[in-house]
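>>> Take a look and give me a structure for this.
(chains A and B)
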Amino acid sequence: MSKYRLDYLDHLESEAIHIMREVAGQFERPALLFSGGKDSITLVHLALKAFRPGKFPFPLVHIDTGHNFPEALEFRDRLVEKIGERLIVRKVEDTIKAKQLTEPKGKFASRNALQTYTLLDTIEEFKFDACIGGARRDEEKARAKERIFSVRDEFGQWDPKLQRPELWNTYNGKIHKGENVRAFPISNWTELDVWNYIRREKIELPSIYFAHEREVIEHEGQLVAVSEFIRLDDTDRVVVKKVRYRTVGDMTCTAAVESSATTIDDIINEITATKTSERGETRIDDKVSEAAMEDRKKNGYF
Amino acid sequence: MDLLRFITAGSVDDGKSTLIGRLLYDSKSIMIDQLAALEKQSKNKELGEIDLALLTDGLRAEREQGITIDVAYKYFSTPKRKFIIADAPGHIQYTRNMVTGASTADLAIILIDARNGVVEQTRRHSIITSLLQIPHVVVAVNKMDLVNYSQDVFNNIVIDYAEVARSLELKDVTYIPISAVHGDNIVEKSSKLAWYEGPSLLRFLEEVEIQKDINLTDARFPVQYVIRPQTPELHDYRGYAGKIISGIYRKGDVVTVQPSGLQSTIKAIELGGKEVEEAFAPQSVIIHLEDDIDISRGDIIVKTDNQPKLSQELEVFLCWMDNKPLVPGNKYWLQLNSRVVRSVVKNIEYKLDVNTLQKEYGVTSAGLNDVIRATIKTASPVPYDTYKSLRENGGAILIDETSHVTVGACMIQ
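Numbers count the residues shown, from 1 in each chain, chains lettered A, B, ... in the order given. Next up is the predicted model:
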């Protein structure tokens, strides 16, 4: 019977495709939130498997903070052109102007929190009833309790105490007008699973995931790229280092890791050997408080 | 490398969180920064030991109250397997969480405190394990260090539990003496438990045979979505997208669509964009049929010579999961895989005490965490299998028509 045995990556892939098709089958106006990072690129790959030769039953939506890595934007546009799907871009910059929001100040002034406003506006503008995202339960403690179909109220809020029980592989997508569901097809994947899948499926990634030389400053043990979005102080020492990115967020809140990994194999070897978690190593925004993610999620963050 | 999903049942007092922490820690799934955060929080640590239990308490609300309010999912892997742990709390008020975690589990670890033996809570966890038909059970007798690693204590617990297992018809039960705090028999076999001849817990989790749990006989394919590109090149393309929940499908198979009863033959199967001769559970595929018949989401494609039952009246064990009580006569949506039908809970036969298995007759409603035996009438026929014969097509949820909340879990009998 061994010919009917599946590898764990096949199990994860099939589960993710099943979840995407549940979204397509249960909702009228879904969207796929695309950040340009490896997790959302993996989602696009899974969507191709779920819906080709048909078109995606949803557009890709990018909430553009204006602080992106240029390599990620360039990759996004190339990918969208290659697969011939619709991309909607909404800029945090525009929300800030329209709503007269206050930009955060400081050395690494991050728009991470402000993008929630743009996201909620975009959901309202297009009347999206479900948003597919690439969040994983292994990323962070508050995410470990997240449902695969996570119901948000009109304000995009997540209430951990009121989550629907999720049984078997049955997803309850019933919502009231104004509510929406965040759906997470790769909930059960770990960082390493994503990399192993990328290797197996030969999925193309933006160049910043691989080792390259970059001007950085060292800040509290983390390497932050020099860009127009961060403030350089006199005490900062700009150095050129060989680095890669383990996650791709904004230039203001994503740190690089020193690395010489130029292939997926190299990266997997490094991750297997690493002693620090993905978010701990590369996210400047999660360290603010012990419950930083829990708070942001309650306010409508992914 | 394959995938094992398991649930851990037990309370904080049984050392459940410590056990999970130990598995994550010893399999090196905990990173330095997570450990640092842990050390910061371990206020009550003795002799500089970190509190592994803190690893599994996710939300601030829980940390403040020192409780676990919901199912949390944890991940680790060894070179042999990837593991997904559904960590469900063991307090009486949280039956619904254990039911939720158990619904997808291949295996249940039931923790017993060696000092206390089989207690009410052990029975409750075992009854839920049996109701949800978790295929494998590990009885982990914890805190062996506190009973001087005594073989007699362990053996007596085995004798007591065997009686529970027999009455609940639990099939595959394995007993392992452990000490989660000290790591005895968790990853490595402990010299302090030299009298125990079986494998360590992790070794057992790595090696337990789960492939046989996938039913490859009764082919079931619920249609999730119909792919119709309707472009000039693909004008006649019509593919049924879904996941094979059980069984094997081959090109040329004679199939029936339920509940319509229409017949056809499989023309082609696509897997990840490529045509294949056969596909099997749990693969997600696209199926094409020879005939242009009316099929939509909620239908199930089965082989004509092996069909599910079809009925508008379902006998179920129902676990109630909502604060608002169930009142017979109320209407709910019933969702079984992709099929959603209106339904009414007609009649409660009895309430099952999940601590003692005693049946209470004459009850008129069910509250949060109650398990009842009931009859559900549906507005249209539902193709189903009994939960016992095919878990994948015998478990349904009930959804409140007004709040849209999932209020019940049905195991169809």
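>>> C-alpha only now, for contacts and for neighbours.
Noted.
>>> for the stretch 151-300 of chain B, which spans come out with low pLDDT?
By pLDDT under 70, the stretch 151-300 of chain B has no low-scoring segment.
>>> what do you get if the cut-off is 90, keeping everything else the same?
For the stretch 151-300 of chain B, the stretches with pLDDT under 90 are B:171, B:181-183, B:187-188, B:211-213, B:230-236.
>>> all strands for it, in order.
B:172-177, B:220-227, B:239-243, B:248-250, B:254-258, B:262-271, B:274-276, B:278-280, B:284-289, B:300-303 (DSSP state E, counting those that start in this stretch).
>>> Adding mean neighbour count, write those out as a markdown table.
Listed next are the strands of the stretch 151-300 of chain B as a markdown table, based on neighbours: other Cα atoms under 10 Å in any protein chain shown:
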| stretch | mean neighbour count |
| --- | --- |
| strand B:172-177 | 19 |
| strand B:220-227 | 26 |
| strand B:239-243 | 25 |
| strand B:248-250 | 21 |
| strand B:254-258 | 21 |
| strand B:262-271 | 19 |
| strand B:274-276 | 13 |
| strand B:278-280 | 21 |
| strand B:284-289 | 25 |
| strand B:300-303 | 26 |
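>>> okay if I get those strands as a markdown table plus distance to residue B:103?
Shown next, in a markdown table, are those (distance: least, Cα to Cα, whole Å):
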| stretch | distance to residue B:103 |
| --- | --- |
| strand B:172-177 | 17 |
| strand B:220-227 | 18 |
| strand B:239-243 | 18 |
| strand B:248-250 | 23 |
| strand B:254-258 | 25 |
| strand B:262-271 | 27 |
| strand B:274-276 | 31 |
| strand B:278-280 | 21 |
| strand B:284-289 | 20 |
| strand B:300-303 | 21 |
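>>> Isn't residue A:262 up against residue A:207?
No - with contact defined as Cα atoms under 8 Å, residue A:262 and residue A:207 do not form a contacting pair (9.4 Å).
>>> quick revisit: would you mind telling me which of the strands of the stretch 151-300 of chain B is nearest residue B:363?
strand B:172-177 (33.8 Å; Cα to Cα).
>>> what pLDDT does residue 103 get?
By default, I'm working from chain A. Listed pLDDT for residue A:103 reads 77.
>>> hm, I was asking about chain B
94.
>>> which ones are touching the closest residue to residue A:164 other than its chain neighbours?
Among residues not flanking residue A:164 along the chain, residue B:406 sits closest, at 5.8 Å (Cα to Cα, 6 or more residues apart in numbering or on different chains). By Cα atoms under 8 Å, 6 or more residues apart in numbering or on different chains, the contact list for residue B:406 reads A:164-166, A:172, B:321-322, B:397-400.
>>> Residue B:198 touches residue B:176, doesn't it?
Yes - contact criterion Cα under 8 Å: residue B:198 and residue B:176 qualify, at 7.4 Å.
>>> need the strands for the stretch 201-302 of chain A, in chain order.
A:212-219, A:222-225, A:239-245, A:256-258.
>>> Now for the chain: which helix has the highest residue count?
Using chain A here. Longest helix in chain A, counting residues (DSSP state H): helix A:8-26.
>>> oops, chain B please
Under DSSP H, chain B gives helix B:151-168 as its longest helix.
>>> List the buried residues of that helix.
Using 16 or more other Cα atoms under 10 Å in any protein chain shown as the test for burial, helix B:151-168 gives B:151, B:153-154, B:157-158, B:161, B:164-165, B:168.
>>> May I have the strand or helix carrying residue B:140 exported as PDB, CA atoms only?
In this structure, residue B:140 sits in strand B:136-142 according to DSSP states H and E. Output of strand B:136-142 as PDB, limited to C-alpha atoms (Å, rounded to 0.1, in the frame of the first residue of the first chain):
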ATOM      1  CA  HIS B 136      -4.600   5.700  18.800                       C
ATOM      2  CA  VAL B 137      -4.300   6.300  22.600                       C
ATOM      3  CA  VAL B 138      -1.200   6.800  24.700                       C
ATOM      4  CA  VAL B 139      -1.700   6.700  28.400                       C
ATOM      5  CA  ALA B 140       1.200   8.700  29.700                       C
ATOM      6  CA  VAL B 141       1.600   8.000  33.400                       C
ATOM      7  CA  ASN B 142       3.400  11.200  34.500                       C
END
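>>> Point out the other helices and strands that that strand packs with.
strand B:107-113, strand B:172-177 (3 or more Cα pairs under 8 Å, 6 or more residues apart in numbering or on different chains; DSSP states H and E).
>>> and the angle for the longest one with strand B:172-177?
For the pair strand B:107-113 and strand B:172-177, the angle between their directions (axes from the mean of the first three to the mean of the last three Cα atoms, to 10 degrees) equals 40 degrees.
>>> I'd like to know which elements strand B:107-113 is packed against.
strand B:2-9, helix B:120-131, strand B:136-142.
>>> which stretch among the ones you listed comes nearest residue B:101?
strand B:2-9 (6.3 Å).
>>> and the next helix or strand after that closest one with chain A, contact?
Later in the chain than strand B:2-9, the nearest helix or strand by DSSP H and E is helix B:16-26. No - Helix B:16-26 lies out of reach of chain A by Cα under 8 Å from any Cα of the partner chain, never closer than 11.9 Å.
>>> contacting residues for residue A:185?
Per Cα under 8 Å, 6+ apart, neighbours of residue A:185: A:15-17, A:19-20, A:43, A:132-134, A:148.
>>> low-scoring stretches of the stretch 101-250 of chain A, by residue?
Applying pLDDT under 90 to the stretch 101-250 of chain A flags residues A:101-118, A:137-146, A:152-165, A:177-179, A:191, A:212, A:214-241, A:243, A:245-250.
>>> what does it have sitting close to chain B?
Checking the stretch 101-250 of chain A against chain B by Cα under 8 Å from any Cα, the hits are A:137-138, A:141-142, A:144-146, A:161, A:164-170, A:172, A:174-176, A:188, A:190.
>>> let's go with 6 Å and repeat that
Within reach of chain B by Cα under 6 Å from any Cα of the partner chain, the stretch 101-250 of chain A has these residues: A:141-142, A:144-145, A:164, A:167-168, A:170, A:174.
>>> could I get the residues you listed as CSV with secondary structure and neighbour count?
CSV is the format used below for these (DSSP: H, G, I helix; E, B strand; the rest coil; neighbours: other Cα atoms under 10 Å in any protein chain shown):
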residue, secondary structure, neighbour count
A:141, helix, 23
A:142, helix, 22
A:144, helix, 24
A:145, helix, 23
A:164, coil, 20
A:167, coil, 22
A:168, coil, 21
A:170, coil, 19
A:174, coil, 21
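>>> Out of the residues you listed, give me the two with the largest separation.
So, these by Cα to Cα: farthest apart are A:141 and A:174, at 26.7 Å.
>>> Any idea what residue A:257 is bridged to?
Beta bridges link residue A:257 to residue A:244, judged by DSSP bridges.
>>> What of residue B:344?
residue B:331, residue B:377.
>>> In the stretch 101-250 of chain B, what residue lies closest to chain A?
residue B:229 (4.6 Å; Cα to the nearest Cα).
>>> what residues are up against that residue?
residue A:54 (Cα atoms under 6 Å, 6 or more residues apart in numbering or on different chains).
>>> And residue B:400, by the same measure?
residue B:332.
>>> Mind doing that once more with 8 Å?
Contacts of residue B:400 (Cα under 8 Å, 6+ apart): B:331-333, B:406-407.
>>> As a markdown table, these with pLDDT would be great.
Listed next are those as a markdown table, based on pLDDT from 0 to 100:
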| residue | pLDDT |
| --- | --- |
| B:331 | 92 |
| B:332 | 96 |
| B:333 | 97 |
| B:406 | 94 |
| B:407 | 94 |
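>>> and these, which two are the farthest apart?
Pairwise across the contacts of residue B:400, and taking Cα to Cα, the largest span is found between B:331 and B:406, at 13.0 Å.
>>> if you skip the residues just before and after it, what's nearest to residue 170?
This is for chain A. residue B:337 (5.6 Å).
>>> meant chain B, my bad for not saying
Closest to residue B:170 by Cα to Cα, 6+ apart is residue B:130, at 6.3 Å.
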